[in-house]
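> My questions are about this predicted structure, shown below with the sequence.
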Amino acid sequence: MAAKTLKEMFLWPTIIGFFTLTGLVVALVRDGLLEDLSLAALTFPIAVIVYIYFYRH
């Protein structure tokens with residue numbers, strides 16, 4: 001297995017963190033249609049975990 005670069009190591013955790021932070025901030029600040037955006041943003045990390053658990057084992 002080849003050594004990974006910093007970009008390869010931190011790309012997905014950064015993306016997941018961005019979606020989580022965005023979802024939490026939008027859920028706290030806005031109401032209405034943006035709540036759906038918040039729900040989608042907070043569902044993304046769960047979807048990634050489920051994908052890794054079931055399809056990458």
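Cool, the structure landed. Residues are numbered from 1 along each chain as shown.
> element containing the residue most central in space within the chain, please.
By CA atoms, centre = their mean, the chain has its centre lying nearest to Ile16, at 2.8 Å. In the assignment (DSSP states H and E), Ile16 maps to helix 6-29.
> hey, C-alpha coordinates of the very next helix or strand once past that helix in CSV?
Using DSSP H and E, the helix or strand that follows helix 6-29 in sequence is helix 33-55. Below are the C-alpha coordinates for helix 33-55, written out as CSV (Å, rounded to 0.1, in the frame of the first residue of the first chain):
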residue,chain,number,x,y,z
LEU,A,33,-37.1,25.5,3.3
LEU,A,34,-33.6,25.8,4.6
GLU,A,35,-34.4,23.2,7.3
ASP,A,36,-34.5,20.7,4.4
LEU,A,37,-31.0,21.8,3.4
SER,A,38,-29.9,21.2,7.0
LEU,A,39,-31.5,17.8,7.1
ALA,A,40,-29.7,16.8,3.8
ALA,A,41,-26.4,18.2,5.1
LEU,A,42,-26.7,16.2,8.3
THR,A,43,-27.7,13.1,6.5
PHE,A,44,-24.6,13.1,4.3
PRO,A,45,-22.2,11.9,7.1
ILE,A,46,-24.6,9.1,8.0
ALA,A,47,-24.8,8.0,4.4
VAL,A,48,-21.0,7.9,4.1
ILE,A,49,-20.7,5.8,7.2
VAL,A,50,-23.4,3.4,6.0
TYR,A,51,-21.7,3.1,2.6
ILE,A,52,-18.3,2.4,4.1
TYR,A,53,-19.8,-0.1,6.6
PHE,A,54,-21.7,-2.1,4.0
TYR,A,55,-19.8,-1.7,0.7
